[in-house]
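1. here are the coordinates; sequence isn't available:
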């Protein structure tokens, strides 16, 4: 197997660039796009976690189309004046691991709506949608099982005035509400062989919306297949919003919201009262390197109440930069702790690797004197004129009679650890 190669830019410059792009985009949205709004259904609940000093960038394009509503009884109906409501959208997301536990993230959104009403009437609107920013904090990370649990806080905020769209008689792109969400995410592996694995991600939260729109519970459950080697990726899941029915408009004697005419042609894509929506999503992609990949997906609503029945096609890229995840040697800041004189008194062989958990297994255990907490250096074998060299350091996490698990703590060289590498126990001073 060839060793992974990676080109890294200066993370400081990259952070300044991302902040500048977001800042300029927000400024432009304020100046040039006062009629733009974002849709409550456009962005499902997502896990944004990144390892310490790891920056993830993800541009994505999507196309949404709806011609049918779910009504209060969850039946499908065709609005009297609607032919179609289509939305083209570009999102640019960035996530950065401030510490091992704390991740910050932001999303820039731009969209265009094309509305067709019966009688051949057409209208459109475009501009920046709601932007998002937030923090995610990892409160649990089980080294033995790989289970993690995170808490998320997110704000989606409008940068426009909805009254301008009304005055100009252009379609609404959304509701112009500020949405504040708190959520939790549970992730656990169901198979983690070598450097590719199956994961389940489940999340749920609470979203408060301004302008008297109903609060709702966003939630999602996804099965995904990925890894740290180049290769295919896959995800399948369900995401939803379940209304808490706190909006009094129409349902409880309040003034009904209007989404007819040029607003949305009667589509519940905007100005919906107490909407609930349940959507299935399937996607596939390919990682060309450990840091860059592409993906495409399709999602469609399967049930709802006071919401649009629609489908989305999307495609995007993702790049990862930097990071201090020990399973991702970054080619820059390797530890120097092994460069002096180190004495070893015991040797074993690597028999299995699990990069997702940063673990390797050695072929000796309690019967040979291996104990929890002992330090081992990992060596790449020599041969064919190559000199044997230390590549990583770890500590014993768990021990059985004839084998033991070593948690990799730091790398000395930019190489993959392979079966057959040598593990040597260092004598502590």
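-> Happy to help now that I have it. This structure is a prediction, so every number in the text was calculated from the model and none was measured. Numbering: from 1, shown residues only.
2. got any ranges where the stretch 201-350 of the chain has weak pLDDT?
-> Per-residue confidence for the stretch 201-350 of the chain (pLDDT under 70) gives these ranges: 228, 250-256, 323-341.
3. mind redoing it with 80?
-> Along the stretch 201-350 of the chain, the parts satisfying pLDDT under 80 run over 227-229, 249-258, 290, 322-342.
4. What strands flank the one helix or strand residue 294 maps to, and is each parallel or antiparallel?
-> When secondary structure is defined using DSSP states H and E, the element that contains residue 294 is strand 292-305. Partner strands and pairing direction for strand 292-305 (DSSP bridges) are strand 276-287 (antiparallel), strand 307-322 (antiparallel).
5. For it, list every residue counted as buried.
-> Taking 16 or more other CB atoms under 10 Å as the basis for neighbour counts, the residues of strand 292-305 that come out buried are 293, 295, 297, 299, 301, 304, 305. Every residue, glycine included, has its C-beta placed from N, CA and C.
6. what's in contact with it?
-> The set of residues external to strand 292-305 that reach it, using CB atoms under 8 Å, 6 or more residues apart in numbering, is 70-74, 233, 235, 239, 243, 274-288, 307-320.
7. what does stretch 368-375 give?
-> Looking at what lies outside stretch 368-375 - CB under 8 Å, 6+ apart - the contacts are 346, 348, 362, 364, 393-399, 404, 425-426, 428.
8. In strands, which of those appear?
-> 346, 348, 362, 393-399, 404, 425-426 (DSSP state E).
9. Would you list the buried entries among those?
-> Members of the ones in strands among the contacts of stretch 368-375 classed as buried by 16+ other CB under 10 Å are 348, 362, 393, 394, 396, 397, 399, 404, 425, 426.
10. In TSV: the residues you listed, plus distance to residue 138.
-> Written out in TSV, the entries for those read as follows (distance: CB to CB, whole Å):
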residue	distance to residue 138
348	32
362	28
393	23
394	21
396	24
397	19
399	27
404	27
425	31
426	30
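11. Just grab the bridge partners of residue 281 for me.
-> residue 237, residue 299.
12. again with residue 346
-> As assigned using DSSP bridges, the partners bridged with residue 346 are residue 425.
13. Next one: it from residue 390, what distance?
-> Applying CB to CB, to the nearest Å, the value for residue 346 to residue 390 is 15 Å.
14. do the same with residue 403
-> When distance is defined by CB to CB, residue 403 is 22 Å away from residue 390.
15. which residues sit against the helix or strand hosting residue 133?
-> Here residue 133, judged by DSSP H and E, is contained in strand 131-141. When contacts are taken as CB under 8 Å, 6+ apart, the neighbours of strand 131-141 outside the stretch itself are 22, 26, 29, 43, 47-49, 100-109, 147-157, 159, 181, 185.
16. which residues in the stretch 101-250 of the chain form helices?
-> 162-168 (DSSP state H, counting those that start in this stretch).
17. so which pair among the buried ones among the ones in strands among the contacts of stretch 368-375 is furthest apart in space?
-> The span of those, defined through CB to CB, is set by 393 and 399 at 17.8 Å.
18. Now list the buried members of the contacts of strand 292-305.
-> Burial of the contacts of strand 292-305 was assessed by neighbour count (16+ other CB under 10 Å); the buried members are 70, 233, 235, 239, 243, 274-279, 281, 283, 285, 287, 307-310, 312, 314, 316, 318, 320.
19. what about residue 427, how many residues close to it?
-> 10 (other CB atoms under 10 Å).
20. Skip the chain neighbours and tell me the closest residue to it.
-> When the adjacent residues along the chain are set aside, residue 427 lies closest to residue 343, with 4.5 Å between them (CB to CB, 6 or more residues apart in numbering).
21. Let me know whether that neighbour touches residue 426 as I believe.
-> Yes - Residue 343 is within contact range of residue 426, at 6.9 Å (criterion: CB atoms under 8 Å).
22. can I see the domain layout of the protein?
-> When the chain is parsed into structural domains using automatic domain parsing, the resulting residue ranges are 11-322, 344-426.
23. now the shortest one, how far from the centre of its chain.
-> In other words, domain 344-426. For domain 344-426, the gap between its own C-alpha mean and the chain's C-alpha mean amounts to 32 Å (CA atoms, centre = their mean, to the nearest Å).
24. Same question for the first one.
-> The chain centroid and the centroid of domain 11-322 are separated by 11 Å under CA atoms, centre = their mean.
25. Report the beta-bridge partners for residue 149.
-> residue 140, residue 186.
26. so what's it up against?
-> Going by CB under 8 Å, 6+ apart, residue 149 touches 138, 139, 140, 184, 185, 186, 187.
27. List buried residues within those residues.
-> By neighbour count, with 16+ other CB under 10 Å, the contacts of residue 149 hold 138, 185, 186, 187 as buried.
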